[in-house]
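K.L.:
Fold the stuff below for me.
(one chain, ligands or ions: 1)
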Amino acid sequence: MFNRADLEEREYRTLSRLGLKARDSEGRRVFEEPDPLRTCFQRDRDRILHSKAFRRLQHKTQVFAAGAGDHYRTRLPHTLEVSQLARSAATTLGLNPDVAEGVALAHDLGHPPFGHVGERALHARMSEFGGFRHNAQGLRIVDDLEESYADRNGLNLCRETRLCMLKARMPIGFPRATDLPETATPFLEGQIVDLCDRIAYVCHDFDDALHSGLVPWRTFAATELPSVALDSLVQRFPALREEGPPDRSGLIRRQITSAMISMLVRDLVLSTSSYIDEHPSLRSPHDVVDHGHVACQGESMRLALAELLRVLRQHFYRHEAVLSTMHARAADLERLFDALVSKPDMLPSRFRRRVAVHGLERTVCDYVSGMTDPYATETAKRLTDPNARR
Ligand code: MG
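P.N.:
Residues are numbered from 1 along each chain as shown. Now for the predicted structure:
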């Protein structure tokens, strides 16, 4: 068997000079005795996976309102897909796969119900109280809101994991942990997670867009990534021609999606590896943070990915059927927020206790943003519909 010391030793022997090593971690905010078997980064990953916020991802929307169909993605499968891509890309690059996996599992924890529409609605309601952004909220969850231990709030994660979660700048006035900077370039493992997140959601939203019937194949036919993927598939498997166009054949649609993901991840690994080779002055994980972005797509894949994202924005994310559902739900969220601010005694007791320390609006925001889509809809109805039973 391998105990923690063996695993730490193995990291030194097998990881690249730019990969984070558990033995060099700056540690946790509150000191804890190390685990006898797991490295600190493996322990972070396990804590994230076992958190309540992680379980709620299964009922949070990615693009469609969660529950709109059996096979559309919510944030849980999206998160697991990102984690698989990031772990395998990190492993190939000699980076720390446990950090990549943990950060990927945590990357969407702070999303409120109803996706980006919900995020904008909460940010507007919180404009005078420090705003709202999902990455900042993700840190607030792991640092404070999760209640798993008798002696402290939060998951007490390692500083490296938290810095990777910080990524974009926090809104001005957002209550951040005092030991974190306002913004930081993530370690290379965090950068890989960011790009894998983009690869995963663009490819899977393409899949969901076709599957939903809202966007026909002809809208994508002149777009480089899916058309190159389809051409190469038909060359390898000529019988696929008989299956019909990708919006009629689930098999072809899934094969195109899978081929696009493979092309993009391979390009990410090769381009990042070349970038590292061209910059021998990068010698440690902290050099990466000082240097800026190292993980990258090659120029042609970067442009192709941006093109596909543009088509999705125009024809899927802004499709009337998607927006009308999401806007109606965002209005529920606003009504719910307002009802709780005007009647704070309707907050659960664990949140009522937080009001004196964190302020009423921030507490309501923490409570509401943690809800799943169906729970937010049901609670809005219960609290704001005079005919609903209380
Ligand atoms: Mg994501």
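K.L.:
For stretch 117-136, which residues meet the burial criterion?
P.N.:
Residues of stretch 117-136 classed as buried by neighbour count (16 or more other C-beta atoms under 10 Å): 117-119, 121-123, 125-126, 129-136. C-beta here means a position set from N, CA and C on the backbone, and glycine is covered the same way.
K.L.:
Near the ion, list only the ones from those residues.
P.N.:
By C-beta under 5 Å from the ion, no member of the buried residues of stretch 117-136 lies near the ion.
K.L.:
Looking at these, which are in helices?
P.N.:
In helices, defined here by DSSP state H, the members of the buried residues of stretch 117-136 are 117-119, 121-123, 125, 134-136.
K.L.:
Now flag whichever of those is closest to residue 100.
P.N.:
Distance to residue 100 across these (C-beta to C-beta) is lowest for residue 135, with 16.7 Å.
K.L.:
Could you list which residues are in contact with the closest one?
P.N.:
Residue 135 makes contact with 110, 165-168, 170, according to C-beta atoms under 8 Å, 6 or more residues apart in numbering.
K.L.:
Just those residues: which are in helices?
P.N.:
165-166.
K.L.:
And the contacts of residue 135, which of them are buried?
P.N.:
Using 16+ other C-beta under 10 Å, the buried members of the contacts of residue 135 are 110, 165-167, 170.
K.L.:
By pLDDT, give me the weakest of those residues.
P.N.:
Within the buried ones among the contacts of residue 135, residue 167 has the lowest pLDDT, namely 79.
K.L.:
these two touch, right, that residue and residue 195?
P.N.:
No - using C-beta atoms under 8 Å, residue 167 makes no contact with residue 195, being 11.6 Å away.
K.L.:
would you turn the ones in helices among the buried residues of stretch 117-136 into TSV with distance to residue 341?
P.N.:
Formatted as TSV, these follow (distance: C-beta to C-beta, whole Å):
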residue	distance to residue 341
117	20
118	17
119	18
121	14
122	12
123	15
125	8
134	21
135	24
136	20
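K.L.:
just curious, which of these is nearest to residue 295?
P.N.:
For these, the nearest to residue 295 is residue 135 (17.1 Å; C-beta to C-beta).
K.L.:
follow-up on the earlier one: now tabulate the buried ones among the contacts of residue 135 in a markdown table and tack on distance to the ion.
P.N.:
What follows is these, written out as a markdown table (distance: C-beta to the ion, whole Å):
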| residue | distance to the ion |
| --- | --- |
| 110 | 11 |
| 165 | 12 |
| 166 | 15 |
| 167 | 11 |
| 170 | 18 |
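K.L.:
Right, I'll leave it there.
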